[in-house]
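> When you get a sec, could you give me coordinates for this:
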Amino acid sequence: MAGFSVSRYGPEQSGWGRLMARDSVVRRLDWPLLGSALALSFIGSLLVWSATRGRDSLTHGDPYYFLIRHALNTGIGMALMIGTIWLGHRTLRGAVPVLYGLSVLLVMVVLTPLGATVNGAHAWILLPGGFSLQPSEFTKITIILGMAMLLAARVDAGDQVHPDHRTVAKALGLAALPMAVVMGMPDLGSVMVMVVIVLGVLLASGASNRWVFGLLGTGVAGAVAIWQLGLLDDYQIARFAAFANPALDPAGVGYNTNQARIAIGSGGLHGTGLFQGTQTTGQFVPEQQTDFVFTVAGEELGFLGAGLILVLLGVVLWRACRIARETTELYGTIVAAGIIAWFAFQAFENIGMTLGIMPVAGLPLPFVSYGGSSMFAVWVAVGLLQSIRVQRPITA
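The predicted structure is shown next:
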């Protein structure tokens with residue numbers, strides 16, 4: 001920006017003290033975004049509690065087990081958000097090489113004997129105390145930050161209007177390495193999200209449309225090759241088969257989708273009432289606290305409660321779009337766009353698979369589903385969005 005340089009929280013001539021005096025960080029936060037994310041996490045805690053309180057095999061006899069852990073995950077996630085805002089997305093820009101290398105190292109560790117298989121995906125690292133880590137969730141963030149750093153460097157410096165072909169190729173190579181490792185786990189759901197993130201980042205960067213269309217064509221060709229070469233695991237093939245024909249094996253591969261539809265359909269307009277859903281209390285829907293948490297909302301809170309979740313997700317995406325539009329640096333725009341693509345696609349896929357309009361891919365619903373790694377990652381993303389808003393230049 002001509003006329004002044006920008007420090008961590010505003011123009012250098014303003015300083016931290018002047019910023020706090022004239023326009024505090026608290027006032028500059030996007031409160032509709034923060035409030036919507038908090039509301040989603042609160043609703044999620046109730047849904048997770050309802051889905052798990054009667055499952056002694058999961059809770060070890062403690063009906064509050066998942067509720068407490070979900071609240072703890074949310075609290076840690078918010079602490080990470082605060083830390084991200086304090087550091088600032090510009091400070092993190094300088095640490096991207098280290099963060100990227102660490103994230104790639106962690107996803108590679110999953111492929112070693114330290115990795116663990118959960119629901120068919122060898123995508124976890126088991127930690128002491130019964131905790132686990134899914135590195136691919138954090139890889140989504142480092143792909144966004146890494147690609148944004150490369151694509152925006154010369155544009156923000158004023159050397160280019162749009163990223164050149166060489167820069168775009170480097171950015172795609174940066175994303176391809178962790179995506180290839182995650183695909184080898186295999187964690188097809190996370191790879192799908194990463195592909196959408198890459199597309200969103202390219203579109204926001206102003207790169208030539210030839211790259212976007214070329215990537216789409218490559219993706220389609222790659223998907224066909226993976227299918228023809230038999231690189232998918234049996235459970236993944238079964239999921240796609242059940243999506244194409246839910247009646248194929250209603251007691252087997254189609255069971256999850258069929259039970260999810262029954263749960264959502266039985267809720268009607270107002271729902272059966274929290275903790276009163278027969279599908280939920282009867283434990284008919286597997287993985288209901290994680291991948292299929294939306295079915296609890298559909299059954300127990302009805303169309304109105306499920307619709308509220310959609311509205312809150314819409315507010316999060318709307319505010320993120322506004323932040324992306326209002327920032328004056330391409331780096332911030334790209335980071336925000338990558339997060340928008342991530343949240344939008346993952347929410348659509350998660351809700352879509354419960355309705356039978358998308359294949360089951362094992363993706364959590366942002367802010368709502370139980371899971372520490374996912375919760376930490378989405379709150380860090382909120383911290384990045386808030387940092388982009390907070391660090392907008394103060395011109396007067």
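> What ranges in this structure fall below the confidence cut-off?
1-23, 118-121, 128-130, 158-159, 223, 225-254, 393-396 (pLDDT under 70).
> Run a quick neighbour tally on G352.
18 (other CB atoms under 10 Å). In this view, the C-beta of every residue, glycine as well, is placed from N, C-alpha and C.
> OK, contacts around it?
Applying CB atoms under 8 Å, 6 or more residues apart in numbering to G352 gives the contacts M358.
> any idea how far it lies from P135?
Separation of G352 from P135 (CB to CB, to the nearest Å) stands at 25 Å.
> Kindly report the same for I334.
23 Å.
> More neighbours: which of these two?
I334 (30 against 27).
> For that one, what is the enclosing helix or strand?
Assigned by DSSP states H and E, I334 falls within helix 330-355.
> which helices and strands does the helix or strand just after that helix pack with?
Per DSSP H and E, the first helix or strand lying C-terminal to helix 330-355 is helix 372-390. Contacts defined by 3 or more CB pairs under 8 Å, 6 or more residues apart in numbering; DSSP states H and E place helix 372-390 against helix 25-28, helix 31-52, helix 65-87, helix 89-110, strand 131-133, helix 135-156, helix 302-326, helix 330-355.
> need those in TSV with distance to A169, can you?
TSV is the format used below for the helices and strands packed on helix 372-390 (distance: least, CB to CB, whole Å):
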stretch	distance to A169
helix 25-28	37
helix 31-52	34
helix 65-87	29
helix 89-110	17
strand 131-133	32
helix 135-156	10
helix 302-326	24
helix 330-355	16
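> Relative to G214, tell me which of the ones you listed wins on proximity.
helix 135-156 (15.9 Å; CB to CB).
> hang on, the earlier thing: what comes up buried for the helix holding I334?
Residues of helix 330-355 classed as buried by neighbour count (16 or more other CB atoms under 10 Å): 330-347, 349-354.
> quick check: angle from that helix to helix 372-390?
Angle of helix 330-355 versus helix 372-390, following axes from the mean of the first three to the mean of the last three CA atoms, to 10 degrees, is 140 degrees.
> OK, contacts around the residue nearest to I340 when sequence neighbours are not counted?
Nearest residue to I340, sequence neighbours excluded (CB to CB, 6 or more residues apart in numbering): A320, at 4.9 Å. Shown in contact with A320 (CB under 8 Å, 6+ apart): L33, A336, I339, I340, F343, L385.
> one more time with 7 Å
Taking CB atoms under 7 Å, 6 or more residues apart in numbering as the contact definition, A320 lies against L33, A336, I339, I340, L385.
> quick one: it from A337, how far?
9 Å.
> and what of R325?
With CB to CB as the criterion, R325 and A337 are 10 Å apart.
> so who does the closest residue to L99 other than its chain neighbours touch?
Spatial nearest neighbour of L99, chain neighbours left out: T142 (5.1 Å); criterion: CB to CB, 6+ apart. Contacts for T142 (CB under 7 Å, 6+ apart) come out as L99, Y100, S103.
> go again using 8 Å as the cut-off
Applying CB under 8 Å, 6+ apart, the residues contacting T142 are V96, L99, Y100, L102, S103, V104, P178.
> is it true that the first one touches A152?
Going back to what we said before, that points to V96. No. The criterion here is CB atoms under 8 Å, and V96 misses it with A152 at 11.3 Å.
> For those two, indicate the residue with more neighbours.
A152 (25 against 18).
> Now do the same contact list for that one.
Contacts of A152 (CB under 8 Å, 6+ apart): P163, S205, E329, L330, Y331, T333, I334.
> I'd say the fifth one and A148 touch.
Yes. Taking CB under 8 Å as the definition, Y331 is a contact partner of A148 at 5.3 Å.
> which residues do these two both contact?
By CB under 8 Å, 6+ apart, the residues touching both Y331 and A148 are R93.
> rewinding a little: tell me which of the helices and strands packed on helix 372-390 approaches T290 most closely.
Per CB to CB, nearest to T290 of the helices and strands packed on helix 372-390: helix 31-52, 8.5 Å.
> buried ones in the very next helix or strand once past the closest one?
Proceeding N to C from helix 31-52, the next assigned helix or strand is helix 56-59, under DSSP H and E. Applying a neighbour-count criterion of 16+ other CB under 10 Å, one finds T59 buried in helix 56-59.
> Run through who's touching helix 56-59.
Residues contacting helix 56-59 (CB under 8 Å, 6+ apart): T52, R53, Y65, F66, Q289.
> Can you give me every residue that contacts the third one?
Residues in contact with Y65, defined by CB under 8 Å, 6+ apart, are T52, L58, T59.
> same deal with the first one?
Residues in contact with T52 (CB under 8 Å, 6+ apart) are L58, T59, P63, Y65, F66, L67, Q288, Q289, Y370.
> From T84, how far out is the last one?
So that's Y370. The value you get for Y370 to T84, if CB to CB is used, is 22 Å.
> Those two - which one has more neighbours?
Y370 (26 against 22).
> so the more buried one makes contact with R69?
Yes. Counting by CB under 8 Å, Y370 does reach R69; the two are 7.4 Å apart.
> In terms of secondary structure, what does the helix or strand containing T257 contact?
Assessed by DSSP H and E, T257 sits inside helix 255-265. Counting by 3+ CB pairs under 8 Å, 6+ apart, the packing neighbours recorded for helix 255-265 are helix 234-244, helix 278-281, helix 293-296, helix 330-355.
> what's the angle from it to helix 330-355?
90 degrees.
> Helix 255-265 versus helix 302-326: what angle between them?
Using the same axes, to 10 degrees: helix 255-265 against helix 302-326 is 100 degrees.
> Show me which positions of helix 255-265 end up buried.
With burial defined by 16+ other CB under 10 Å, the residues of helix 255-265 counted as buried are Y255, N256, T257, N258, Q259, A260, R261, I262, A263, I264.
> correct me, but F367 touches F376?
No. In this structure, F367 is not within contact of F376 by CB under 8 Å, at 11.5 Å.
> More neighbours: these two, which one.
F367 (27 against 23).
> so what's that one closest to, chain neighbours aside?
Of all residues not flanking F367 in the chain, L40 sits nearest, at 3.8 Å (CB to CB, 6+ apart).
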